[in-house]
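K.L.:
the sequence and its predicted three-dimensional model are supplied below.
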Amino acid sequence: MIDTVPATTVDELNRMSPDRVATMVGDLLYSPPLGAAIAAAAPFRSLEHLLDAAHRELLRLPRVEILASIQAHPVLGQKTPDAYSREEQSFILDSPPEVLAEIAELVDRYEERFHHKFLVCAQGIGGHEVLLLLRRRLDNPTVTEWETTVRELGRVNVLRLRTVVR
């Protein structure tokens, strides 16, 4: 995994070798198999075509690969060297210590209950909103929570791809 991925355009992405696209996208999305699947879907007509392919390929991945991508994400509310996660969580990380402590406690409870990390597209939301989401999602049935987590992973993937590919 790399800290940042160089910005590129759809045209530049289409000119890259499939191995380079797979590595770049796989690193960005914490999923080498997803990176390879997206690279195999090239060439892309537009950013929206790339995003559609990324979503489609995410949903085609085996559960174990989706879980590996989820687990590779930093823990919500904790400092991380990952530049994208720091940016995505900036409002959360600026929360008061007592809010961060409660997030940490609920994240632990969440992981005990669902056996994977709590994942939410954190762009633009603060610690208090995360607490509300955690409390609500802790009550979800397992199947509902898995679907919610995969949907959030897809949102994070789209956000990251939009950040890097113009």
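P.N.:
Happy to help now that I have it.
K.L.:
so what's residue 133 closest to, chain neighbours aside?
P.N.:
Spatially, and ignoring its direct neighbours in sequence, residue 133 is nearest to residue 120 (5.8 Å; CB to CB, 6 or more residues apart in numbering). The way it works is simple: take the backbone N, C-alpha and C, and place the C-beta from them, glycine included.
K.L.:
helices of this protein, start to end?
P.N.:
For the chain, the helices defined by DSSP state H cover 10-15, 18-28, 32-40, 47-60, 63-72, 83-88, 90-93, 97-114, 127-138, 142-164.
K.L.:
average pLDDT for the fifth one?
P.N.:
Meaning helix 63-72. What helix 63-72 shows for mean pLDDT is 97.
K.L.:
what does the shortest one give?
P.N.:
In this model, helix 90-93 has a mean pLDDT of 83.
K.L.:
so what's residue 76 up against?
P.N.:
Counting by CB atoms under 8 Å, 6 or more residues apart in numbering, residue 76 touches 89, 92, 103, 107, 117-120, 122, 130.
K.L.:
quick one: the residue nearest the centre of the chain from residue 117, how far?
P.N.:
Centroid check for the chain by CA atoms, centre = their mean gives residue 156 as the closest residue, at 3.8 Å. From residue 156 across to residue 117, the span is 12 Å (CB to CB, to the nearest Å).
K.L.:
who touches the helix or strand of the chain with the lowest mean pLDDT?
P.N.:
Least confident helix or strand of the chain, by mean pLDDT, DSSP states H and E, is helix 83-88 with a mean of 80. Applying CB under 8 Å, 6+ apart, the external contacts of helix 83-88 come out as 3-4, 28, 73-74, 79-80, 93, 121-123, 156, 159-160, 163.
K.L.:
what's near enough to touch the residue nearest to residue 133?
P.N.:
Residue 120 neighbours (CB under 8 Å, 6+ apart): 76, 130, 133, 152.
K.L.:
from what I can see the residue nearest to the centre of the chain touches residue 119, true?
P.N.:
Yes - if you go by CB atoms under 8 Å, residue 156 and residue 119 touch, sitting 7.1 Å apart.
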